[in-house]
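S.K.: I'd like to go over a predicted model; first the sequence, then the structure.
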Amino acid sequence: MQLLRSITAGVLLSVAAPALAQTAQPARPTVTATSPDGSLVLTVTTDSDARPHWSITRKGKLLIAPSKLGFIMADRIGLQRGFAITGEERGSGDSTWEQPWGERRYVRDHYNEVLIRFRQSDEWGGHLMNVRFRLFDGGVGFRYELPEQPGMKTAKIADEITEFDIAPKGTAWWIPGGEWNRYEQIYQKTAIDAVATAHTPITMKLDDGTHLAFHEAALVDYAGMWFKRADGQKFRATLSPSSHGPSVVRDLPFATPWRTMRVGDDAAGIVENDLELNLNEPNKLGDVSWFKPAKYIGIWWGMIRGDWTWAEGPKHGATTERTKQYIDFAAKHGFRGVLVEGWNKGWNGNWFGTGDQFRFTEATPDFDLKAVTDYARKKGVHLIGHHETGGNIKVYEQQLDDAMKLYGALGVDVVKTGYVADAGGIIAAGETPDETRMEFHDGQVQVRHHLKVVETAAKYKVAVNPHEPVKDTGLRRTYPNWVAREGARGMEYNAWGQFANGPAHEATLVYTRMLSGPMDYTPGVLSLVGAEGVPHASTLAKQLGLYLAIYSPIQMAADFIETLAAHPKELEFIKAVPADWSESHLISGEVGEHAIFARKDRSSADWYVGGVNGEDERTVTLTFDFLEPGKTYKATIYKDGEGATYLTEARHRIAYETRTFRKGDTYTLRLAPGGGAAMRLAAGK
């Protein structure tokens, strides 16, 4: 049938050719650009309706078929038809910049760039629209830049027309966009053409093994992008809604966030890829050495399980006495921080999605904030603050400066914020003092709010770790006090139902959610049980492997301190594993199956190796070719014990081993169902 269609089309073309020749139109301008290594080739042109299109080939094969560019406007004809290319500007860059903290210390920023200028004909409004493409060897980013122009002072954007028409077939891992539970959902694995509307990052593996990940970078004063399938494997950017009507309202000139696509030959090609970081602006805060990557414990797991309460009463978790006990444990075992949730007024009654009673500078009667922070300071420990808003940013912003100033004065230099409310349940200020509006967690209003919190916190040398956040888009480069976020199903779900997150959850997060940036997953639940003895889909070794698989510069040991103390060998690893790295490499892994990393301590010559497994038992052979030549490394190994599996009480079986390794050595490792492993490689001579 394909051959017949081709022949038929050829015949029709030859018959019609004379007539076409008589009405031939001038050739439309076409702009092309390549990545530095030439593997990616971009083509930008306009079609017969004068609509801008872009396409990408990789290694000579079509990757993104011609896909539209433009906007649907709320107050005028859309920026989608009647365009012509009027000019272009080209550039390139190749530099290396240093992260103050991160998965790796140095990041190479190597790209070719082209800015394409479009102008609509007068009959379509005569608007100007520029599109800047930046091509890396590992992907592409592009954004719209709307310049000053006489016909439009303010852009009221109803939605984008930005398309991504994926040419080859393949598989996708994704979570639905716009649903009630925000980003806190189990990842689905489907064919690409079975995706509905997804949050980003969305990850794909094409039939030829090529890996793709679509996301965005530098999300500032704009609505978050959802990835909506239009037809077949053609997707369109669609913007989070706003109560104001248009999803985005911006005065010109301005630039949108970057729309990004990572591409690699294998899973490591998209994991070891800094595309979104490179598309963000450099550090705007200056010296941020006051933030120290570190590990912490906290008064939290007891509330999640239901043993304690956030609300005042006989089971209140955040008491002065209990906090001092946790500070003592932290001081004894070298944890820098102690998280305390529920210390402030406002938790009594129904605060979910309301938040109007929260007071961020007023403690409950049984919690003395100054006494606790003074006690912590004497012990060399820092309190980690907590601001739950119940989604009420109107109330929070009224108290924000005072709250951050208080934390700064008391030496509370990290704060966990929270926005517990259903999607569309953010309570924001309206046009008058008495008016409120309901917004989405990733709409333009909430995107502005998060940046306001980060900038206010930075003023008082406080780092921010939001839960129920807007997704990470690499802004930690610009605002390095934005140290982590939640933005996915974390450990807390394991307290609420048997195998709640599933055995493959973390082995999927590595290749999806974690592509956006650090996650406060809160590992280290060594009991492996939640409320009423509900078991986790995890072995004991996997809890240690999480410290290598799920990166954050603030890593929690989430279990009760009594449970941590009851596992002295595991506690020794948790105490030792760094929260800041000079190098990170995925040395074995497949999406949803397993992920084993090698990471080098930024403060020593030691390496750490480990990660997580999915549902099926497997054996992997690790090659230690990342080690420094001529050195011997003493390895302390924590791995799944004989017969370990998440399905039975054998999940608690763990085996210990000591070995020595040199560069190029190999090691065969069994990973249990729902299992994992962790190793510390201490450098010798």
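M.R.: Yep, that arrived. Numbers count the residues shown, from 1 in each chain.
S.K.: I'd guess Gln399 is in a strand, am I close?
M.R.: No. Gln399 is assigned helix when assessed by DSSP: H, G, I helix; E, B strand; the rest coil, not a strand.
S.K.: quick check, pLDDT for it.
M.R.: Gln399 is assigned a pLDDT of 98 by the prediction.
S.K.: same question, Ile202
M.R.: 98.
S.K.: and Ala17, by the same measure?
M.R.: 32.
S.K.: please apply the same query to Arg28.
M.R.: Arg28 carries a pLDDT score of 79 in this model.
S.K.: wait, it touches Val44, no?
M.R.: No. With contact defined as CB atoms under 8 Å, Arg28 does not count as touching Val44 (10.6 Å). For the C-beta atoms, the positions are set from N, CA and C on the backbone; glycine is no exception.
S.K.: give me the nearest residue to the residue nearest the centre of the chain, chain neighbours excluded.
M.R.: Nearest residue to the geometric centre of the chain (CA atoms, centre = their mean): Ser516, 2.8 Å. Leaving out its chain neighbours, the residue that sits closest to Ser516 by CB to CB, 6 or more residues apart in numbering is Asp472, at 4.1 Å.
S.K.: contacts only, for the one you found.
M.R.: By CB atoms under 8 Å, 6 or more residues apart in numbering, the contact set of Asp472 is 485, 487, 516-518.
S.K.: repeat that with 7 Å
M.R.: Contact analysis of Asp472 by CB atoms under 7 Å, 6 or more residues apart in numbering lists 485, 487, 516-517.
S.K.: cool, Ile77 as well?
M.R.: 124-125.
S.K.: do the same with Glu362
M.R.: 344-345.
S.K.: what about Arg28 and Val44, which has more around it?
M.R.: Val44 (23 against 12; other CB atoms under 10 Å).
S.K.: from Ala672, how far out is the more buried one?
M.R.: 50 Å (CB to CB, to the nearest Å).
S.K.: same check on Ser67?
M.R.: Ser67 is 43 Å from Ala672, by CB to CB.
S.K.: the residue lying closest to Gly125 once chain neighbours are set aside sits in which helix or strand?
M.R.: Distance criterion CB to CB, 6+ apart; nearest residue to Gly125, sequence neighbours excluded, is Ile77 at 5.0 Å. When elements are assigned from DSSP states H and E, Ile77 belongs to no helix and no strand.
S.K.: quick check: the gap between the residue nearest to Ser516 and Leu219.
M.R.: Relative to Leu219, and taking CB to CB, Asp472 is found at 9 Å.
S.K.: how about Ala50?
M.R.: 30 Å.
S.K.: quick one: which of the two has more around it?
M.R.: Leu219 (26 against 16).
S.K.: contacts only, for that one.
M.R.: Leu219 neighbours (CB under 7 Å, 6+ apart): 257, 447, 470, 473.
S.K.: and the second one, what pLDDT?
M.R.: At Val447 the predicted local distance difference test score is 98.
S.K.: hmm, back to that, filter the contacts of Asp472 down to the buried ones and hand me the ChimeraX line.
M.R.: A single ChimeraX command is used to select the members of these judged buried by 16 or more other CB atoms under 10 Å:
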select :485,487,516,517
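S.K.: go through the contacts of Asp472 and flag which are in helices.
M.R.: Per DSSP state H, helices hold no members of these.
S.K.: secondary structure class for Ala376?
M.R.: Ala376 ends up helix, using three-state DSSP.
S.K.: ramachandran angles for Val534?
M.R.: phi -60, psi 120 (degrees, to the nearest 10).
S.K.: could I get the contacts of Leu219 as CSV with distance to Glu593 and secondary structure?
M.R.: Listed next are the contacts of Leu219 as CSV, based on distance: CB to CB, whole Å; DSSP: H, G, I helix; E, B strand; the rest coil:
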residue, distance to Glu593, secondary structure
Pro257, 31, coil
Val447, 34, helix
Val470, 29, coil
Thr473, 27, coil
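S.K.: which of these are buried?
M.R.: 257, 447, 470, 473.
S.K.: for the first one, which residues are in contact?
M.R.: Neighbour list for Pro257: 143, 216-220, 222, 473 [criterion: CB under 7 Å, 6+ apart].
S.K.: and for the second one?
M.R.: Contact criterion CB under 7 Å, 6+ apart gives 219, 221-224, 470 as the residues in contact with Val447.
S.K.: CSV for those, including pLDDT and secondary structure?
M.R.: Output for the contacts of Val447, formatted as CSV (pLDDT from 0 to 100; DSSP: H, G, I helix; E, B strand; the rest coil):
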residue, pLDDT, secondary structure
Leu219, 99, coil
Asp221, 98, coil
Tyr222, 98, coil
Ala223, 98, coil
Gly224, 98, coil
Val470, 98, coil
